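J.: the sequence and its predicted three-dimensional model are supplied below.
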Amino acid sequence: MITTKEKKRRKTQDDIPFDANAGAFKIRPACVYLGNISEISLRRLMKKGEITPNKKLRHLLFPKVELDRFLAAK
């Protein structure tokens, strides 16, 4: 039986399903793809304009091509 404490436990980077072959990532898998940076760091990069997410859908999606471009320029 799962306890309340286990239900409230915050997800860690190890709990996030990650598929390196995906075409786009949500925010947490994108952080893992960029080398386990924090969500705050990724949001700062967005604010600076260094990474541009796809905002057409309800969620922020980061195309793999965009993340690869950022890593190559780094």
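T.: Arrived safely. Numbering: from 1, shown residues only.

J.: just to be sure, residue 62 is in a strand?
T.: Yes: under DSSP: H, G, I helix; E, B strand; the rest coil, residue 62 falls within a strand.

J.: what helix or strand is the closest residue to it other than its chain neighbours located in?
T.: Distances taken as C-beta to C-beta, 6 or more residues apart in numbering place residue 30 nearest to residue 62, at 4.2 Å, with adjacent residues excluded. Every C-beta, even on glycine, is put in place using the N, C-alpha and C of the backbone. Per DSSP states H and E, residue 30 falls inside helix 27-33.

J.: so for that helix, mean pLDDT?
T.: The average pLDDT for helix 27-33 rounds to 92.

J.: gap between the two ends of stretch 42-55?
T.: One end of stretch 42-55 sits 15 Å from the other (C-alpha to C-alpha, to the nearest Å).

J.: what's it in contact with?
T.: For stretch 42-55, contacts defined as C-beta atoms under 8 Å, 6 or more residues apart in numbering pick out 24, 27, 30-31, 34, 60-63, 66-67, 70.
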